[in-house]
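1. Here is the input, now give the coordinates:
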Amino acid sequence: PPPQMTTPPPPYIPPPKIQIQPPPQKHVIKQVTHEKPPAPMPPATVSAPPTPSAPVGPPVPDHSAGAVPINGAKPVFPEEMLEENREGSVTVACDIDTSGKPSNCQVLNSSGGHAFVEAAMEFLRKARYQPAVSNGQAVVEHHHTLHINFALGDD
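-> Below you'll find the model as predicted:
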């Protein structure tokens, strides 16, 4: 039998590129806030009462690490997200050491895309905070929660 002739599909024509104007350069990263870590849970096992000379629990700081970097570091809005008019936020738990440097940072929550996480972590590598103080001495504050919001603003 003669071969069946089929009509070839139409050629692929890519959609036209549309130029979108970037938003006004008045993008503002609203704020970096912090929350105190949750109170430590009592141990599940019953132990002998502590002697008066032994400290009871972790030392209570006179104040916790600051919410605003003392070195003026600011998060940089990811360029690709700015072009797409996307906003995002990242919540991170870090240890703030005695020099005010964040370390052992772990992302707890994020929205808007991985570029915001990368920008937040880069910001935290540069940021320095007022360290927590206990009995007049700088101490390490564990699991300090930081919220970094990337918002397009009109202000």
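
2. Ala120 should be in a strand, yeah?
-> No - the assignment for Ala120 (DSSP: H, G, I helix; E, B strand; the rest coil) gives helix, which keeps it out of a strand.

3. Can you give me the buried ones in the strand or helix carrying His143?
-> Following DSSP states H and E, one finds His143 within strand 141-150. For strand 141-150, the neighbour count (16 or more other C-beta atoms under 10 Å) marks Glu141, His144, Leu146, His147, Ile148, Asn149, Phe150 as buried. Using the backbone N, CA and C atoms, a C-beta is placed for each residue, glycine as well.

4. just stretch 101-113 next, same as before
-> Lys101, Pro102, Cys105, Ser110, Gly112, Gly113.

5. Go through these and name the one nearest Val92.
-> Cys105 (5.2 Å; C-beta to C-beta).

6. for the closest one, what are its contacts?
-> Neighbouring residues of Cys105 by C-beta atoms under 8 Å, 6 or more residues apart in numbering: Val92, Ala93, Cys94, Met121, Leu124.
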